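**Student:** Fold the stuff below for me.
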Amino acid sequence: MTILGTRPGVRRLRAAAALGALACALAALSPAAAGAAATTSGTIAFESNRAGSFDIFSMAATGGGQARLTSDPADDLDPAWSPDGRRIAFASRRGNDLNIWVMNADGSGQVAVTSGPGSDRYPTWAPDGTRIAFRRDTGAQSDIWVVGPNGVAAPITSGALADQPAWSPNGSQIAFVTTRDGNDEVYVMNADGTGQRNLSANPASDRSPHWSPDSARIIFRSLRLPAEGRELFVMAPDGSGQSAFASSPGADRTPSFAPDGSGAVFATGRFGNQDIASIGIDGSGLRQLTIDPATDDEPTWSGTAAPPTVAAPGGGPATVARDLTPPKLTLRIARRQHLRRAVRLVATCSERCTLRVSASVRTRGRRGAPRSRVYIRKLIAGRATVVRVKLSRGRLAVIRRSLRRGSRVSATVTALAADAAGNLAPRVRQGTRLLR
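**Tutor:** Numbers count the residues shown, from 1 in each chain. You can find the predicted model right below:
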């Protein structure tokens, strides 16, 4: 049987000049205008443990219409779109072994394509959609293997200590990660496993390579900026032109280019939790896509529109409609309130929602504090809920000193809410004046 088919912020970059040079270097990737956000077309698949174990989810590129595609009690990981956007390969621990599986874009037709000893992860499709490369770890060896339409898998490396393969869209090369030099490095090789060479060549850990649609750039995660933690970098296929793609205090990881090259999607801790976000090709236009308190990771982007229905949990012919209607969020906050340990407000959502809220305090002559704590609350549909955004002890001390001097102190509350399908209500900001 043919399984695979035959055709199918606080810490930004150190200098403005570096950002300008980066924008110029990336301009060739896409005709998108500088400063623009990434496209909102297509479908993003990702893994999340919001249902307990890790499952594969998909959503529209706007972040809405999130739907669970797998529901097995075992972990399902590492989604990868087929070139035609009709199928998703993923790793699954079903049967206590990690193997590569394939399913249709709506979650139906789930079937294993590898078996046997070893831990199989990180699938990546050949451009013709007939083969999948993946990492097989047997404990003693970790190499890149390829499985074809007949279901037969064979290694293309030997003793490579290899991980996280990524097949170039032009089909000629496979990027991968290896620790053969003592740390994580991004390598590249020909599609048959020959010609292996180090691209990143940096003492820091470099992982998660992904190709641009025209095979002209590789985006990856790096730890080479210690003050920032995990950040995104880009480079040419020969390893030249390595530059920071985006920088923020929150760790960024597992990037994937947009299908039209207008930006990238990645997992990030910028919002106080590990969520999925997209960003424009020049590092601007950041857009938060998920807001669940669980861990979301390994996003991958297809240019194909999200199926309007998905397979019902448990298999069978039943389907479930994808919800794309955003909720409505309202906030009520007093124009003035006496200083306590928290800024108080009342939030109401039109349906059951996850609320993420933070407060930034500004005193006269001082800028607001963007590092305020982030709080996540569950809101019941239509019920007004009192929310208290606590302030840190240090911030409270500064505020009290300012109030004793007679300075004006104000707080701005920022709230974002998502329904069960991840549809985001428009962001709401309201202010209040703090009194002694």
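
**Student:** So which residues of the stretch 201-350 of the chain form strands?
**Tutor:** 206-211, 218-225, 229-235, 243-246, 252-257, 263-268, 275-280, 287-288, 296-302, 309-311, 319-321, 329-332, 336-338, 342-349 (DSSP state E, counting those that start in this stretch).

**Student:** okay, those in a markdown table with mean neighbour count next?
**Tutor:** In short, each C-beta sits where N, CA and C put it, glycine included. Converted to a markdown table, the strands of the stretch 201-350 of the chain look like this (neighbours: other Cβ atoms under 10 Å):
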| stretch | mean neighbour count |
| --- | --- |
| strand 206-211 | 23 |
| strand 218-225 | 22 |
| strand 229-235 | 22 |
| strand 243-246 | 23 |
| strand 252-257 | 25 |
| strand 263-268 | 27 |
| strand 275-280 | 26 |
| strand 287-288 | 18 |
| strand 296-302 | 25 |
| strand 309-311 | 20 |
| strand 319-321 | 13 |
| strand 329-332 | 17 |
| strand 336-338 | 12 |
| strand 342-349 | 20 |
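
**Student:** Mind checking those for the one nearest to R429?
**Tutor:** With Cβ to Cβ, the closest approach to R429 among the strands of the stretch 201-350 of the chain belongs to strand 329-332: 8.6 Å.

**Student:** Now do that closest one, average pLDDT.
**Tutor:** The average of the pLDDT scores along strand 329-332 is 95.

**Student:** Show me what that strand is packed against.
**Tutor:** Judged by 3 or more Cβ pairs under 8 Å, 6 or more residues apart in numbering; DSSP states H and E, the packing partners of strand 329-332 are strand 342-349, strand 409-419, strand 428-435.

**Student:** Export the strands of the stretch 201-350 of the chain as CSV, with columns for distance to S41.
**Tutor:** Written out in CSV, the entries for the strands of the stretch 201-350 of the chain read as follows (distance: least, Cβ to Cβ, whole Å):
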stretch, distance to S41
strand 206-211, 19
strand 218-225, 19
strand 229-235, 22
strand 243-246, 21
strand 252-257, 14
strand 263-268, 12
strand 275-280, 11
strand 287-288, 13
strand 296-302, 10
strand 309-311, 19
strand 319-321, 20
strand 329-332, 25
strand 336-338, 43
strand 342-349, 27
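
**Student:** Out of the ones you listed, the one nearest P127 is which?
**Tutor:** strand 206-211 (10.2 Å).

**Student:** on that earlier part again, TSV for the helices and strands packed on strand 329-332, including distance to A133?
**Tutor:** Converted to TSV, the helices and strands packed on strand 329-332 look like this (distance: least, Cβ to Cβ, whole Å):
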stretch	distance to A133
strand 342-349	44
strand 409-419	35
strand 428-435	45
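
**Student:** Quick check: which of those is buried the most?
**Tutor:** Of all the helices and strands packed on strand 329-332, strand 409-419 carries the top mean neighbour count, a mean of 22, counting by mean count of other Cβ atoms under 10 Å.

**Student:** tilt between that strand and strand 428-435?
**Tutor:** Direction vectors for strand 409-419 and strand 428-435, defined by axes from the mean of the first three to the mean of the last three Cα atoms, to 10 degrees, enclose an angle of 150 degrees.

**Student:** send the alpha carbons of stretch 409-418 over as CSV?
**Tutor:** Listed next in CSV are the C-alpha coordinates belonging to stretch 409-418 (Å, rounded to 0.1, in the frame of the first residue of the first chain):
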residue,chain,number,x,y,z
VAL,A,409,0.8,57.8,39.3
SER,A,410,-1.2,56.0,36.7
ALA,A,411,-1.6,52.3,35.7
THR,A,412,-2.5,50.9,32.3
VAL,A,413,-4.1,47.5,32.1
THR,A,414,-3.7,45.4,29.0
ALA,A,415,-6.0,42.4,28.5
LEU,A,416,-6.2,39.7,25.9
ALA,A,417,-8.7,36.8,25.8
ALA,A,418,-9.1,33.7,23.7
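
**Student:** how distant is it from the center of its chain?
**Tutor:** On the basis of Cα atoms, centre = their mean, to the nearest Å, stretch 409-418 sits 24 Å off its chain's mean C-alpha point.

**Student:** about what we covered before: among the strands of the stretch 201-350 of the chain, which comes closest to I380?
**Tutor:** Comparing those under Cβ to Cβ, the one sitting nearest is strand 342-349, at 8.2 Å.

**Student:** who does the closest one pair up with?
**Tutor:** Taking DSSP bridges as the criterion, strand 342-349 sits next to strand 329-332 (antiparallel), strand 385-390 (antiparallel) in its sheet.

**Student:** returning to what we had before: of the helices and strands packed on strand 329-332, which is nearest D120?
**Tutor:** For D120, the closest of the helices and strands packed on strand 329-332 is strand 409-419, at 33.0 Å, according to Cβ to Cβ.

**Student:** Can you list the residue ranges for strands in the stretch 51-200 of the chain?
**Tutor:** For the stretch 51-200 of the chain, the strands defined by DSSP E, counting those that start in this stretch occupy 53-60, 67-68, 76-81, 87-92, 99-104, 111-112, 119-125, 132-137, 142-147, 153-155, 162-167, 173-178, 185-190, 197-198.
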